[in-house]
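Q: just a sequence and a predicted model for now, questions to come.
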Amino acid sequence: MSKPLSVLVTGGAGYIGSHCCKALSEAGFHPVCYDNLSTGHRDFIKWGQFVSGDIRDTDRLRDTLRAHDVAAVMHFAAFSLVGESVADPQKYYLNNVVGTASLLQAMRDAGCSRFVLSSTGAVYGNAASRLISETDRCEPINPYGSSKWMIEQILSDFRRAYGFNSFCLRYFNASGADPSAVIGEFRDPETHLIPRAMMALQGYAPDFSIFGDDYDTPDGTAIRDYIHVTDLAAAHVLALGLLLDGHEGGSFNLGTGKGFSVREILAAIAAETGRPVPQAVKPRRPGDPAMLVADPQRAREVLKFEARHSDLPTIIRTAWAWHLRAHPARTSALA
Ligand code: UDP
């Protein structure tokens, strides 16, 4: 039997990176998780090997790529909070853009030229109120989105100049958790809708804040395209397969093509848990567009990607199972 191909997964101890390590391992690859554990979790590293390191440490990256004879890199290590990026853009440009440049340099030095980028629907900025396609203009409206868009542009120049092939996967709203409930969404501070609503339900906050109910949407709350993290991981493995076949890559939306409002998500959580989420309407959050929904066609055609776990009940059920484990309910606070 031949040795499994090694894939370096930067940020492999994070939410999406850890699910990708699992998917890689199940697909017969050897994931090498490279993470500085600044926001990742040691106990999420359950598949493959762990190398502790920072993406700005080019020497360590180069050594790691060579030592493990890495065939391709999946790059998740990044800061990803929109609000924080507005308050502290330097943190985002230094880590996300400069850090990625360091990784690309190490890869070229080590002769590795296959790359999958964890990108984001935030590259589109204030999108039109229709499905967003990859041919739409990228005009990010916050430093987080800008940092990812800059990386995509670097990758497109590298593709042309060096034959350095890359897939940029633009996720819409990553959600849900592995059905085993041993890995899932866990951040501190937590800013995302589904985990925050669940934490309010568990008594970790007095109520959940709906950021704006005066959007131009059917119920006034903002609409997003929620995609299950297991589906995201599967898309990465499909992109890797194409790279190994010599495909040059490109930019692809990963979404379902279906949007849900904040109130629809809260209703789905109430249906799953049997308890209404305590809630209060607050002003809009700066930088939040009314609606972000992907046109999933290109990923379907090229990656042969179909979202299989992204129906709302599955997303909420798996997220809730994980949350009960990660944040034991404060039943006294709920009483
Ligand atoms: N949202 C909200 N209250 C929260 C967190 C999020 O109303 O405590 C809304 C947010 O304004 C957006 C949607 O939920 O319209 C999804 O936000 P999230 O932060 O989960 O993802 P984003 O779309 O910003 O990447």
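A: Yep, that arrived.

Q: C-alpha from now on. contacts and neighbour counts both.
A: Fine.

Q: from Gly14, how far off is Asp35?
A: Using Cα to Cα, to the nearest Å, we find Asp35 at a distance of 8 Å from Gly14.

Q: same question but for Ile141, I mixed them up
A: Taken as Cα to Cα, the span from Ile141 to Gly14 is 25 Å.

Q: out of these two, which sits in the busier spot?
A: The residue with more neighbours, out of Ile141 and Gly14, is Gly14; 28 against 18, by other Cα atoms under 10 Å.

Q: next, count neighbours for Ala27.
A: When counting by other Cα under 10 Å, one arrives at 12 neighbours for Ala27.

Q: ignore what I typed, I meant Ala127.
A: 22.

Q: leaving out sequence neighbours, find the closest residue to it.
A: Among residues not flanking Ala127 along the chain, Leu292 sits closest, at 6.6 Å (Cα to Cα, 6 or more residues apart in numbering).

Q: ok, Ser261 next?
A: Closest residue in space to Ser261, ignoring its immediate chain neighbours: Ile223 at 4.1 Å, by Cα to Cα, 6+ apart.

Q: which pLDDT value goes with the one you found?
A: At Ile223, the pLDDT value in this model is 95.

Q: what distance do you get for it to Gly11?
A: From Ile223 to Gly11 the distance is 28 Å (Cα to Cα).

Q: equivalent analysis for Asp109, please.
A: Asp109 is 21 Å from Gly11, by Cα to Cα.

Q: more neighbours, those two?
A: Just comparing Asp109 and Gly11: by other Cα under 10 Å the higher neighbour count belongs to Gly11, 27 against 16.

Q: contact residues of the stretch 201-335 of the chain facing the ligand?
A: Applying Cα under 6 Å from any ligand atom, one finds that the stretch 201-335 of the chain approaches the ligand through Ser209, Ile210, Phe211, Ala222, Val262, Arg285, Asp288.

Q: could you rerun that using 8 Å?
A: Residues of the stretch 201-335 of the chain lying close to the ligand by Cα under 8 Å from any ligand atom are 208-212, 221-224, 261-262, 284-285, 288-292.

Q: just those residues: which are in helices?
A: Counting by DSSP state H, the part of those found in helices is Val262.

Q: in strands only, show me the residues of the stretch 201-335 of the chain next to the ligand.
A: Counting by DSSP state E, those place Phe208, Ser209, Ile210, Phe211, Ile223, Arg224, Ser261, Met291, Leu292 in strands.

Q: for Gln279, give me the backbone phi and psi.
A: phi -140, psi 160 (degrees, to the nearest 10).

Q: how about the closest residue to it other than its chain neighbours, what does it touch?
A: The spatially closest residue to Gln279, leaving aside those adjacent along the chain, is Phe208, at 4.5 Å (Cα to Cα, 6+ apart). Residues counted as contacts of Phe208 (Cα atoms under 8 Å, 6 or more residues apart in numbering) are Arg196, Ala197, Ala200, Val277, Pro278, Gln279, Ala280.

Q: what's the pLDDT at the closest residue in space to the second one that isn't next to it in sequence?
A: Spatial nearest neighbour of Ala197, chain neighbours left out: Phe208 (5.6 Å); criterion: Cα to Cα, 6+ apart. Looking at Phe208, its pLDDT stands at 97.

Q: could you do Arg196 as well?
A: We have a pLDDT of 96 for Arg196.

Q: a helix runs through it, doesn't it?
A: Yes - the assignment for Arg196 is a helix, going by DSSP: H, G, I helix; E, B strand; the rest coil.

Q: ok, it to Gly220 distance?
A: Relative to Gly220, and taking Cα to Cα, Arg196 is found at 20 Å.

Q: compare these two (neighbour count), which wins?
A: Per other Cα under 10 Å, whichever of Arg196 and Gly220 has more neighbours is Arg196, with 18 against 15.

Q: I figured that one hits Pro189, correct?
A: No - using Cα atoms under 8 Å, Arg196 is not in contact with Pro189, being 9.9 Å away.

Q: where does the chain have low pLDDT?
A: Residue ranges of the chain with pLDDT under 70: 1, 128-129, 330-335.

Q: just the helices in it please.
A: Ranges of helices within the chain are 15-26, 58-67, 82-87, 89-92, 99-110, 143-162, 193-201, 229-244, 262-273, 297-298, 312-326, 331-334, based on DSSP H.
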